[in-house]
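Colleague: please find the sequence and the predicted model below.
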Amino acid sequence: MSTNYVEPDALVHSSDPQHPANHICTLCAKFYNLGWVTGTGGGTSIRHEDKIYIAPSGVQKELMQPTDMFVMDFATKEYLRKPQFHKPSACTPLFYAAFTRGAGCCIHTHSQWAVLVTLLVEREFGKDACFEIECIEQIKGIPKGRGKTGNLGYYDTLKIPIIENTAQYVSLPPFFLDIMLDCSRIPDAMKREEDLTSSLEEAMEKYPDSYAVLVRRHGIYVWGDNVHKAKTQCESIDYILQLAVEMKKLNLPWTSPK
Ligand SMILES: CSC[C@@H](O)[C@@H](O)C(=O)COP(=O)(O)O
Ligand SMILES: [Zn+2]
């Protein structure tokens, strides 16, 4: 046994409220009240040093306990702790994509504002368009980009890419889907949450300054260098998305004509 071995349950037991296993639970309880993680949808994952803390799949995210958490070794992707009777969140590979790009926390919400904005952008600008907005004070809550200093300014344009959702019309046993996925023969109509990973990564590469990706008719992934930044960025973005929906109702433009 390695000298670094830690007993699995010790990985999630701490009296520190900032310990990731505790923090994920308190954050999700708050996010539930914002309508971000209702009906088991959405979630949050935290990277702390060489470990990733992940919630279980399909559970009421606002009622989770620290002992419900999975713990993964970041480098090897090996689970150091696996609660019985649960699977890790289907969003795990998407959270992981943010962690490999320097994030310390990634939040996935099913915010209705996010969903509505993906529909408004599609209707007005087409499927390939990003959400773009400028001259809103809250834009100053979003950093300029990875490796850049400071936040966007009032006159800067906030751009958030949008990817298509993957929805499973046909329910098949997971092993069957895994075989199809290995053969790269999985039809779009059979794709699952984890199959969003490649399009999320593509969007992350195409828009390296973005800290968020919208998912059409589904929600949004927002990440930040640490928990505090991920949370405040997600709050700023959700505020802007709600505002954008209200602006559209009033026929107010999101950007000035170029
Ligand atoms: C309401 S089901 C939503 C899921 O399909 C998924 O999109 C999601 O956000 C949560 O997945 P989960 O595996 O429960 O963490
Ligand atoms: Zn989701």
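Modeller: Received, thanks. Ligands and ions are numbered 1, 2, ... in the order given.

Colleague: all contacts plus neighbour counts: C-alpha atoms, from now on.
Modeller: Noted.

Colleague: need phi/psi at Pro8.
Modeller: Here is the backbone geometry of Pro8 (degrees, to the nearest 10): phi -50, psi -40.

Colleague: ok, it - contacts?
Modeller: When contacts are counted by C-alpha atoms under 8 Å, 6 or more residues apart in numbering, Pro8 is found next to Leu80, Arg81.

Colleague: can you tell me how far it is from His23?
Modeller: 18 Å (C-alpha to C-alpha, to the nearest Å).

Colleague: try Leu252
Modeller: Distance from Leu252 to His23, by C-alpha to C-alpha: 39 Å.

Colleague: equivalent analysis for Leu152, please.
Modeller: 28 Å.

Colleague: cool, Leu116 as well?
Modeller: Distance, Leu116 to His23, by C-alpha to C-alpha: 29 Å.

Colleague: what is the burial count for Asn33?
Modeller: Look at Asn33: counted by other C-alpha atoms under 10 Å, it has 11 neighbours.

Colleague: any idea how far it is from ligand 1?
Modeller: The gap separating Asn33 from ligand 1 is 16 Å, by C-alpha to the nearest ligand atom, to the nearest Å.

Colleague: do Met64 as well
Modeller: The value you get for Met64 to ligand 1, if C-alpha to the nearest ligand atom is used, is 12 Å.

Colleague: okay, now the residue lying closest to that residue once chain neighbours are set aside: neighbour count?
Modeller: Counting by C-alpha to C-alpha, 6 or more residues apart in numbering, Cys25 is the residue found nearest to Met64 once chain neighbours are left out, at 5.7 Å. Neighbour count for Cys25, taken as other C-alpha under 10 Å: 24.

Colleague: contact partners for Cys25?
Modeller: Contacts of Cys25 (C-alpha under 8 Å, 6+ apart): Lys61, Glu62, Leu63, Met64, Gln65, Pro66.

Colleague: Val12 now?
Modeller: Pro20, Ala21, Asn22, Pro66, Thr67, Met69.

Colleague: same thing but 10 Å
Modeller: Val12 makes contact with 19-22, 53, 65-71, 81 under the criterion C-alpha atoms under 10 Å, 6 or more residues apart in numbering.
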